[in-house]
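> Give me a model of this one.
(2 chains)
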Amino acid sequence: MQNVIFPNRILPYFLVAPQIVLTLIFFFWPASQALYQSMMREDPFGLQSGFVGLANFTAILSDETYLSSLKTTVIFSIATAFLAMAVALLLATAADLVVRGKGFYRTMLIIPYAVAPALAGMLWLFMFNPAMGTLAYLLRRNGVPWDPLLNGDQAMVLVVIAAAWKQISYNFLFFVAGLQAIPKSLLEAAAIDGARGSRRFWTIVFPLLAPTTFFLLVVNTVYAFFDTFGIIHAVTGGGPAKATETLVYKVYNDGFVNLDLGSSAAQSVVLMVIVIALTAFQFRFVERRVHYA
Amino acid sequence: MAQINLNDVRKTYGGAIEAIKGVDLSIADGEMIVLVGPSGCGKSTLLRMVAGLESITSGEVSIGGRRVNELEPAERDIAMVFQNYALYPHMTVRQNLAYGLKNRGTPKDEIDRRITEAAKALEIEQFLDRKPRQLSGGQRQRVAMGRAIVRKPAVFLFDEPLSNLDAKLRVQMRVEIRRLQRSLATTSIYVTHDQMEAMTLADRLVVLNGGRIEQVGTPIELYERPATTFVATFIGSPSMNLIERNDLGSINAAGANITTDVKTIGIRPEDLVLGDHPSRTFAIRLTVAAVELVGAESYVHATTAAGQPVVFRVPGRTQIAIGEMVGVSADKRNLHFFNREGQRVGN
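Numbering: from 1, shown residues only, chains lettered A, B, ... in the order given. Next comes the predicted model:
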């Protein structure tokens, strides 16, 4: 790394100021507000609030619905990240084989990323709505007792598919770029070494994609934890019976619907800690196995 | 152990661009063939067609008497060394060497035995548990060679394997490749654009130009009797002087017996001697334009009266001034004659 020396002492601070201001306003300020709120309790009429220390934290951590929401989130995130990445990788390897109309094929696959989460949610909701959904109708006609409005597992499957569908385009883009970055001569060497098809994929291509896969794992986990609120809100609203209520959805529900601001703030602090820990863990342990070319 | 036969092999891209325009070549068992030519001449394409990495548009390639046109690269019993080494970066050297054998279901103890053997031959034993990125260019090149020899294939294919190395290492590896190829006696095709590499490695050289074979022969044959002006200028450094016959106004070429179809006369810089020697059949007067001292010898760049460039060699300490008029001469047996089409005529 080369050290750049500015002749002017103040200029460098001006140059980094926009980034610092943005981070302060959009991260540190709300985060500190959440931290402050998490130690306060509102009176029932919202007229005043008092300091209660860590009482909100002990309350949520001993709350059964909170722990079950944590479990829901873990299942939801793993399923969403895995599905989104697996399908994207499958499509990317397929796109790599396409000779004619490559650009068209890729563009079509990227379109879902431009769809707003709530719209994506509505789309899936309509298709699988037990009363009027086309696909729900087909499922039931083929003997599947489809009713995500009453069956929690089916509701979970539905939000996972909807959430993963949104993220597939993004992952696809990175996997396509990752596949293109693999030197052609390596694949040729593998062909001469007698590795074909799935064997070549798992022993050569997949390990070489590891940096991309790792990056996407981090991004998708964060996505599943934080950015899926819109989809869950539109598709199931956290139901039935809180079967699809993830942590981030619970933060919204407890804070803005039930108006328990202190608890909601405490939950968002816990959520923040979880995501920081998760990302740190991924970098610490998973990245070790990643080869950077 | 195998011989390779190419029978009217052609390669067309997109139905229009012909990259290989009908190549016939037979390579004997254990022979080291070097394909050489300028970039874009089709030498790499031809090699890749033998390897099975490029499809063959028409014609036939056979290895060991077996037609291989339709076979996968892995089924052709070949091994290839790539220009950029193409080592698997996520595997250790040992795993790199073992990969091809493992895919073929070779027993584990046999794999270990062969790796030990190859590592010893290439002096890479101490690197076996390292990753390719921890190795220098020369060491990676050795591993790439190792990956080829552990397989004990019928044919080695080399695609400019030394062009990423520095000059000193290149000479060293060149000698080593030659030694290994001799000792294993494996039929080899080696592609390069470096004529020094080509001359020193080859049993026989194949000069390619524009998708066609210009000439096939031993390095000395190509040097002494180039079949075309292209080969004449491609082999040898500095390249052969080609002088238009029309510009030879002042020459004394009486004894040379030049037939009427000769258009160009070729003389190697090392065959021109400073000074007019009456006994010599070819003499010409030149104006010195530049002198390049390369150590034991110097190359003098000069021009004929008609302005054609001519290069000749003199001992390193010869005093020649720029702008000076000098006479040079050559022996009859060192003259090469070419006709209008650039083909060799006479002797």
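> Residues of the stretch 51-200 of chain B that sit close to chain A?
B:51-53, B:72-74, B:78-80, B:82-84, B:86-90, B:99-100, B:103-104, B:131, B:133, B:147, B:151 (CB under 8 Å from any CB of the partner chain). In short, each C-beta sits where N, CA and C put it, glycine included.
> ok, of those, which come out buried?
The neighbour count (16 or more other CB atoms under 10 Å in any protein chain shown) marks B:51-53, B:73-74, B:78-80, B:82-84, B:86-90, B:99-100, B:103, B:131, B:147, B:151 as buried among these.
> These in strands, which ones?
B:78-80 (DSSP state E).
> Just the closest of these to chain A, please.
B:Met80 (5.3 Å; CB to the nearest CB).
> out of everything not next to it in sequence, what's closest to the closest one?
Computed as CB to CB, 6 or more residues apart in numbering or on different chains, the closest residue to B:Met80 that is not its neighbour in sequence is B:Leu157, at 4.3 Å.
> quick one: strands adjacent to whichever strand or helix holds that neighbour?
Here B:Leu157, judged by DSSP states H and E, is contained in strand B:155-159. Strand pairing for strand B:155-159, using DSSP bridges, gives strand B:78-81 (parallel), strand B:187-192 (parallel).
> Just the CA trace of it, in CSV.
Extracted as CSV, the C-alpha positions of strand B:155-159 are listed here (Å, rounded to 0.1, in the frame of the first residue of the first chain):
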residue,chain,number,x,y,z
VAL,B,155,2.0,-37.7,-26.5
PHE,B,156,3.2,-34.5,-24.9
LEU,B,157,1.8,-31.3,-26.2
PHE,B,158,3.6,-28.0,-25.3
ASP,B,159,1.8,-24.7,-25.9
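> which residues of chain B score low on pLDDT?
Scanning chain B for pLDDT under 70 picks out the ranges B:1, B:247-258, B:278-280, B:347.
> Pull stretch B:37-57 out as CSV, backbone CA atoms only.
Backbone C-alpha positions of stretch B:37-57 (Å, rounded to 0.1, in the frame of the first residue of the first chain) are rendered in CSV as follows:
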residue,chain,number,x,y,z
GLY,B,37,5.6,-19.4,-37.0
PRO,B,38,4.5,-15.8,-36.4
SER,B,39,1.5,-15.1,-34.3
GLY,B,40,-1.8,-15.9,-36.0
CYS,B,41,-0.2,-18.6,-38.2
GLY,B,42,-2.3,-21.3,-36.7
LYS,B,43,0.3,-23.2,-34.7
SER,B,44,-1.6,-23.1,-31.4
THR,B,45,-4.9,-24.0,-33.2
LEU,B,46,-3.2,-27.0,-34.8
LEU,B,47,-1.9,-28.1,-31.4
ARG,B,48,-5.3,-27.7,-29.8
MET,B,49,-6.9,-29.7,-32.5
VAL,B,50,-4.5,-32.6,-31.7
ALA,B,51,-5.3,-32.1,-28.0
GLY,B,52,-9.1,-32.2,-28.7
LEU,B,53,-9.7,-28.7,-27.4
GLU,B,54,-10.7,-27.4,-30.8
SER,B,55,-12.9,-29.4,-33.2
ILE,B,56,-11.5,-30.6,-36.5
THR,B,57,-13.5,-29.2,-39.4
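> which residues touch the residue of the stretch 151-300 of chain B found nearest chain A?
Ranking the residues of the stretch 151-300 of chain B by distance to chain A (CB to the nearest CB) places B:Arg151 first, at 8.0 Å. Contacts for B:Arg151 (CB atoms under 8 Å, 6 or more residues apart in numbering or on different chains) come out as A:193, B:79, B:100-101.
> Compute the number of surrounding residues for residue 129.
Defaulting to chain A. Using other CB atoms under 10 Å in any protein chain shown, A:Asn129 has 19 neighbouring residues.
> try again with chain B
10.
> can I assume B:Val328 is in contact with B:Val288?
No - here B:Val328 does not reach B:Val288: they are 10.5 Å apart, not a contact under CB atoms under 8 Å.
> Among the two, which residue is more densely surrounded?
Ranked by neighbour count (other CB under 10 Å), B:Val328 and B:Val288 place B:Val328 first, with 25 against 17.
> residue contacts, the most centrally placed residue in chain A?
Of all residues in chain A, the one closest to the mean position by CA atoms, centre = their mean is A:Tyr223, 1.8 Å from it. If you count contacts by CB under 8 Å, 6+ apart, A:Tyr223 has them with A:80-81, A:163, A:167.
> Repeat that for B:Ser188.
Applying CB under 8 Å, 6+ apart to B:Ser188 gives the contacts B:31-33, B:155-158, B:181.
> now A:Ile192
B:51-53, B:73-74, B:78-80, B:100.
> can you list the residues you listed in CSV and add distance to A:Phe172?
Converted to CSV, these look like this (distance: CB to CB, whole Å):
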residue, distance to A:Phe172
B:Ala51, 32
B:Gly52, 31
B:Leu53, 28
B:Pro73, 29
B:Ala74, 30
B:Ile78, 36
B:Ala79, 36
B:Met80, 33
B:Gly100, 32
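> so which residue of the stretch 101-250 of chain B comes closest to chain A?
Chain A sits closest to B:Asn103 of the stretch 101-250 of chain B, with a gap of 3.9 Å, by CB to the nearest CB.
> Wait, that residue touches A:Arg199, no?
Yes - using CB under 8 Å, B:Asn103 is in contact with A:Arg199, at 7.0 Å.
> circling back: dump the strands paired with strand B:155-159 to CSV, plus distance to B:Ser44.
Output for these, formatted as CSV (distance: least, CB to CB, whole Å):
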stretch, distance to B:Ser44
strand B:78-81, 11
strand B:187-192, 6
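> between those, which one is nearest to A:Ala114?
Closest of the strands paired with strand B:155-159 to A:Ala114 is strand B:78-81, at 44.2 Å (criterion: CB to CB).
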